[in-house]
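[1] Give me a model of this one.
(one chain, ligands or ions: 2)
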Amino acid sequence: MHRHFFPGIFGVIVNVERVGADRCVRPPLFTVVIIRFGRIRADTEVRPYERLRVRKLIIAIDGPAAAGKSTAAKNLAKRLGYLYLDSGALYRAIAWKLLQEKINPESQEEVEAAAQSIEIEFRLKGEQTEIWVGGIDATPSLRLPEVTRVSSIASTYPGVRKKLLSIQRSIGSGGGVVMEGRDIGTVVFPEADLKFYLDATTPVRGLRRHKELEQKGIPSDLEKTTREIEERDLKDSRRHVAPLKKSEDAVVIDSTPLNLEEVIAQMVQEVEKKLKIRGQRSGAGGRGERIKEF
Ligand SMILES: Nc1ncnc2c1ncn2[C@@H]1O[C@H](COP(=O)(O)OP(=O)(O)OP(=O)(O)O)[C@@H](O)[C@H]1O
Ligand SMILES: Nc1ccn([C@@H]2O[C@H](COP(=O)(O)O)[C@@H](O)[C@H]2O)c(=O)n1
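    Residues are numbered from 1 along each chain as shown. Ligands and ions are numbered 1, 2, ... in the order given. This is a model prediction of the structure:
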């Protein structure tokens, strides 16, 4: 099998984290993008028996801010040996660039132009993923309230969404991925094998985010943080392009009374159901997949 290393396709350096994953079969016209340690690795040849294998699942997790999507998605991906993609990080990366370059987020034209030329890299460092934008490590700043606010403005522009849509699809279309955001099950992968809509009441989400910011040493006022979450959800749900909404076929999990383990347990149960159904239908696929216990 040949493995080729090459710098960005799609004009963007997309560097994603594959957590202990097997490779998976990708559509023949697409080069497989499996990236580690700052390089894009593309597998252009697939062994014949791998072509016969049913591709691994595409799992979408959507929901409002601080519902626990990234925490759950990362954990689920690890158990499945799947790729994890935090799509919000792409919007945050654009916001970070806008702030760095002092571009007015209200100027649609300037923001869309900036999105076109952005270079985003996801670099794996042990269990952590660093996000580099234009050769600079933006990770420490990505969760700052100002970046959050600007990402929510930038995400309303069609040019920004179009750019990020193609990146997300190119990363996830081969399967074996858990992707989370606001429009994964509705727009990015409407044909996803399994969709979750993860929710929790606003006060609970506000408190979770408040604690998280404090733990990270970012000053937070509970009331203000909760209000900002509420405002962002409203903006995300009301925008014209790809608004936050529950896909009709999504499994809804209300995490208000649940701890993280309980949320993951519900998700794993749904994955097992899905794999069983697929295994029965095809006589292959699902049977080869294993879910790790933690
Ligand atoms: N079920 C849970 N119970 C308690 N705390 C949780 C639970 N799920 C997640 N958390 C905590 O809540 C905070 C927010 O979680 P997370 O960042 O995963 O949310 P999110 O939905 O990805 O948010 P955003 O969309 O704003 O990025 C984190 O500190 C996380 O550890
Ligand atoms: N699929 C997505 C993901 C995110 N956004 C926008 O980015 C903001 C930040 O996302 P986080 O998940 O990191 O909080 C979010 O508020 C959305 O405006 C999006 O539009 N679509």
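
[2] now the most centrally placed residue in the chain, nearest residue through space, not along the chain?
    Nearest to the geometric centre of the chain sits Asp86, at 2.6 Å (C-alpha atoms, centre = their mean). Distances taken as C-beta to C-beta, 6 or more residues apart in numbering put Ser70 closest to Asp86, at 5.1 Å, once the chain neighbours are dropped. Where you see a C-beta, it was placed from the backbone N, CA and C, and this is true even at glycine.

[3] near ligand 1 at all, the strand or helix carrying the one you found?
    Using DSSP states H and E, Ser70 falls within helix 69-80. Yes: Helix 69-80 is in contact with ligand 1 by C-beta under 6 Å from any ligand atom, via Lys69, Ser70, Thr71.

[4] distance of the residue nearest to Val177 when sequence neighbours are not counted from ligand 2?
    In space, and not counting its chain neighbours, Val177 is closest to Leu83: 4.5 Å by C-beta to C-beta, 6+ apart. Using C-beta to the nearest ligand atom, to the nearest Å, we find Leu83 at a distance of 16 Å from ligand 2.

[5] where does Leu83 land on pLDDT?
    As predicted, Leu83 sits at a pLDDT of 92.

[6] what bridges to it?
    As for beta bridges, Leu83 partners with Arg18, Val177 under DSSP bridges.

[7] What's the local residue count around it?
    24 (other C-beta atoms under 10 Å).

[8] Please report how far it lies from Glu112.
    Separation of Leu83 from Glu112 (C-beta to C-beta, to the nearest Å): 28 Å.

[9] again, but for Lys56
    34 Å.

[10] Those two: who's more crowded?
    When Lys56 and Glu112 are compared for neighbours, Lys56 comes out ahead with 26 against 18, by other C-beta under 10 Å.

[11] Is that one in contact with Arg290, as I believe?
    No: contact criterion C-beta atoms under 8 Å: Lys56 and Arg290 do not qualify, at 11.4 Å.

[12] in the protein, which helix or strand is least confident?
    For the chain, using mean pLDDT, DSSP states H and E, the weakest element among its helices and strands is strand 3-5, scoring a mean of 27.

[13] wait, what's in contact with the residue in the stretch 1-150 of the chain that ligand 2 sits nearest to?
    Closest contact between the stretch 1-150 of the chain and ligand 2, by C-beta to the nearest ligand atom, is at Gly88 (2.3 Å). With contacts defined as C-beta atoms under 8 Å, 6 or more residues apart in numbering, Gly88 is in contact with Ser70, Ser151, Glu180, Gly181, Arg182.

[14] Repeat the analysis, applying 10 Å as the threshold.
    Ala65, Lys69, Ser70, Leu142, Arg143, Thr148, Ser151, Ser152, Ser155, Glu180, Gly181, Arg182 (C-beta atoms under 10 Å, 6 or more residues apart in numbering).
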